[in-house]
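Asker: How does the following fold in three dimensions:
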Amino acid sequence: MALRQGIFSIQPVLENDTILLRPLENEDFEALYQVASDPKIWEQHPNKDRWREEVFRVYFEGAMQSKGAFKIIDKATGQIAGSTRIYDYNEEENSILIGYTFYARVYWGKGVNLLAKALMLDYLFQYVSKVGFHIGAENIRSQIAIGRLGAKKVGEQEIAYYGEPSKLNYIYEVERVAWNEKNG
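Answerer: Residues are numbered from 1 along each chain as shown. Prediction:
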């Protein structure tokens, strides 16, 4: 099924009982940087110095230019828990990517990533048949987390993130049929 003009958005508002995904706005920089300024968050990411304000600012600019970035809000506290992004729709392959995700450490191991990705996948599979993820080759935490969603590693690729040097990433995919079978 191809994307239908006027119906699909790569930046919808998505929510469940626990979290709210809202489009990222320029005014969110300071609050999101407060989350991102923890060096431990970036230890396994391809770009380990994103905790530095000048490096994070480049990441944030890329997020804003993508027009598919979100702030993830903890509905119980109203605090920003992290950020994620939908990007690179491929009409020919009927696919899209989710990535650039990070969370404050207080949310690690609490199921927030699973909840956010499930919201996004449920939404995206109304429009595409495949969702991919770029995950840094050294990012074991994210590789384990994406495996819990049923994603399969399908390749490796050098990826140059906005304003950053290229790094080896693993490519994972979830197909709509498998997602629906697992979660339907």
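Asker: ok, so what distance separates the closest residue to Arg176 other than its chain neighbours from Glu93?
Answerer: By the measure of CB to CB, 6 or more residues apart in numbering, the closest residue to Arg176 outside its immediate chain neighbours is Phe125, 4.4 Å from it. C-betas here are computed from N, CA, C, even on glycine. Separation of Phe125 from Glu93 (CB to CB, to the nearest Å): 14 Å.
Asker: okay, these two: which has more neighbours?
Answerer: Neighbour totals were compared for Phe125 and Glu93, and Phe125 leads with 20 against 11 (other CB atoms under 10 Å).
Asker: Just give me the neighbour total for Thr101.
Answerer: 21.
Asker: so what does the helix or strand it falls within touch, helix or strand wise?
Answerer: Per DSSP states H and E, Thr101 falls inside strand 95-103. Applying 3 or more CB pairs under 8 Å, 6 or more residues apart in numbering; DSSP states H and E, we find strand 95-103 packed against helix 29-36, helix 53-66, strand 80-90, helix 112-124, strand 130-136.
Asker: quick one, the first one and strand 95-103 angle?
Answerer: Between the axes of helix 29-36 and strand 95-103, defined by axes from the mean of the first three to the mean of the last three CA atoms, to 10 degrees, the angle is 80 degrees.
Asker: what's the answer for the fourth one, then?
Answerer: Taking the same axes, to 10 degrees, one finds that helix 112-124 is oriented at 160 degrees with respect to strand 95-103.
Asker: picking that back up, the strand holding Thr101 pairs with which strands, and in what direction?
Answerer: According to DSSP bridges, strand 95-103 forms sheet pairs with strand 80-90 (antiparallel), strand 130-136 (parallel).
Asker: Could I get the average pLDDT for it?
Answerer: Mean pLDDT, strand 95-103: 95.
Asker: Offset the numbering so it begins at 193, please.
Answerer: In the new count, where the first residue is 193, that last one comes out as strand 287-295.
Asker: so what pLDDT did the residue nearest to Arg368 get?
Answerer: pLDDT, read off for Phe317, is 96.
Asker: if I pick it, what's in contact with it?
Answerer: Applying CB atoms under 8 Å, 6 or more residues apart in numbering to Phe317 gives the contacts Val323, Arg368, Trp371, Asn372.
Asker: Which of those residues has the largest number of neighbours?
Answerer: Val323 (23 neighbours).
Asker: what sits against that one?
Answerer: Here Val323 is in contact with Ser287, Ile288, Leu289, Ile290, Met312, Leu313, Leu316, Phe317, Glu365, Val366 (CB under 8 Å, 6+ apart).
Asker: residues near the fourth one, how many?
Answerer: Applying other CB under 10 Å, we find 25 other residues in the vicinity of Ile290.
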